[in-house]
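Asker: Give me coordinates for this.
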Amino acid sequence: MNDFKILIVDDELEITELISLYLRREGYHVFIADNGYTALQMVKEVTPDLIILDILLKSLDGIEVCKEIRKTSNVPILFVSCKSDDVDIIMGLTVGGDDYITKPFSPSQLVARVKAHLRRNSLSSRNYPTPPQHKLAFGALEIDLHSHNVIIEGKSVALSAKEFDLLAYLAQSPNKVFRLEQLYQHIWNTESFGDTRTLMVHISNLRKKIEPDPTQPRYIVTVRGVGYKFQADSY
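Answerer: Just a heads-up that it's a prediction; the model follows:
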């Protein structure tokens, strides 16, 4: 048994029983909520280390639950849903989800994702290879690797944990091109390469927050057919 607490929020009994079985085999403490309001109360009482959240919940859906949780917590949230359209995935990740898995799914795949998120979340200072200076500056953009504070033109910008991870990782290797699988494996701390849409949505959300014009990125540039790089030669 380990000390990690996982909250499963789903109103399908068969799904919660299956996920619980696999997670408990791995030694996790598992808690279950079958609706959004109960989930929010349990977040306060249990303070889970990770949340597995369905979108199609009665009374208060998973999107609204995620929004409420993000007002006070950066706990990793994995959406699990039968809704697989791009618009649904984008919505889930935009409101604060860290990952998105579509039903039906392999329980072992879900467990692997859970392990990866918990492992990454528990690393000291997110395991950044911090340079001698812990503050990076690129024109109007400033990044503090210690406080996780990001400033654009003198104003602080609120980033999710994954968005900051992406920005910090790219910015510490300016002008280096990273393949999609490299970024995913590092930021999600897993050897397997998940859905490219998860990474691309996080990049899109990050650009909206830090780029003067997200349609013409100045900092996070797409290298067509390869991946992304942090451009740092025009300031």
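Asker: Quick one: the strands in the chain, in order.
Answerer: Using DSSP state E, the strands of the chain run over 5-9, 29-33, 50-54, 77-81, 99-102, 135-138, 141-144, 149-152, 155-157, 177-179, 220-223, 227-230.
Asker: For the fourth one, which outside residues touch it?
Answerer: Same thing as strand 77-81. Applying C-beta atoms under 8 Å, 6 or more residues apart in numbering, the external contacts of strand 77-81 come out as 10, 15, 19, 50-56, 62, 66, 69, 88, 92-93, 96-103, 105, 110, 113-114, 117. C-beta here means a position set from N, CA and C on the backbone, and glycine is covered the same way.
Asker: Partner strands of it, with direction?
Answerer: Sheet neighbours of strand 77-81, with direction, are listed as strand 50-54 (parallel), strand 99-102 (parallel) (DSSP bridges).
Asker: any idea what sits nearest the residue positioned nearest the centre of the chain, other than its immediate chain neighbours?
Answerer: With distances taken as C-alpha atoms, centre = their mean, residue 98 lies nearest the centre of the chain, 2.3 Å away. Closest residue to residue 98 apart from its sequence neighbours, by C-beta to C-beta, 6 or more residues apart in numbering: residue 76 at 4.8 Å.
Asker: Tell me who's in contact with the one you found.
Answerer: Taking C-beta under 8 Å, 6+ apart as the test, what residue 76 contacts is 49-51, 98-99, 117-118, 121, 161.
Asker: so can I have JSON lines of the strands of the chain showing distance to residue 205 and mean neighbour count?
Answerer: Shown next, in JSON lines, are the strands of the chain (distance: least, C-beta to C-beta, whole Å; neighbours: other C-beta atoms under 10 Å):
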{"stretch": "strand 5-9", "distance to residue 205": "22", "mean neighbour count": "23"}
{"stretch": "strand 29-33", "distance to residue 205": "27", "mean neighbour count": "19"}
{"stretch": "strand 50-54", "distance to residue 205": "18", "mean neighbour count": "26"}
{"stretch": "strand 77-81", "distance to residue 205": "14", "mean neighbour count": "24"}
{"stretch": "strand 99-102", "distance to residue 205": "13", "mean neighbour count": "21"}
{"stretch": "strand 135-138", "distance to residue 205": "19", "mean neighbour count": "16"}
{"stretch": "strand 141-144", "distance to residue 205": "16", "mean neighbour count": "19"}
{"stretch": "strand 149-152", "distance to residue 205": "13", "mean neighbour count": "18"}
{"stretch": "strand 155-157", "distance to residue 205": "12", "mean neighbour count": "12"}
{"stretch": "strand 177-179", "distance to residue 205": "18", "mean neighbour count": "15"}
{"stretch": "strand 220-223", "distance to residue 205": "11", "mean neighbour count": "15"}
{"stretch": "strand 227-230", "distance to residue 205": "14", "mean neighbour count": "20"}
